[in-house]
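any chance you could fold what I've pasted below:
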Amino acid sequence: MPRQKPPSISYNCDKCPGYCCSYVRICVTPDDVRRLAAHFDVSEEDAASNFTREGYEENEIILRHEPDEHFGTACRFLDQEERRCTIYEARPEACREFPGVRRCGYYDFLSFERRCQENPDYISTTNNTE
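Alright, predicted model coming up:
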């Protein structure tokens, strides 16, 4: 059977403000905690305590958030200035697999909004405080 060519990717994270990092529930697994522990050279217990918290469902563990000017809160590992992941090599599996399809809805939305606003740096948010 001939090998199928993987679908081409139709998004670019380079100018995204980190929409996916604003998910309230960025779930982590025990393997993710081990990866974080190794990355920071701390024990798994310290990694779990410092970087994760209980989620909303039973046995769910999620990454901690910090305040964010665009989204209210975002993953604590999102660099607030560069809008990039500070633990990219050690990021959780959920982040590695995102968006899970060849198109990213956030990228499509961001591209659309920037075209409509005629501003290549426009960031549409839901955190309007005005």
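
buried set for the helix or strand where residue 108 lies?
Assigned by DSSP states H and E, residue 108 belongs to helix 105-117. For helix 105-117, the buried set under the neighbour-count rule, 16 or more other CB atoms under 10 Å, comprises 106, 107, 110, 111, 114. C-betas here are computed from N, CA, C, even on glycine.

kindly reformat those as JSON lines containing pLDDT and distance to residue 98.
Formatted as JSON lines, those follow (pLDDT from 0 to 100; distance: CB to CB, whole Å):
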{"residue": "106", "pLDDT": "80", "distance to residue 98": "10"}
{"residue": "107", "pLDDT": "79", "distance to residue 98": "11"}
{"residue": "110", "pLDDT": "80", "distance to residue 98": "15"}
{"residue": "111", "pLDDT": "83", "distance to residue 98": "17"}
{"residue": "114", "pLDDT": "85", "distance to residue 98": "21"}
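
okay, the residues you listed in CSV with distance to residue 67 next?
Putting the buried residues of helix 105-117 into CSV (distance: CB to CB, whole Å) gives the following:
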residue, distance to residue 67
106, 20
107, 25
110, 22
111, 27
114, 25
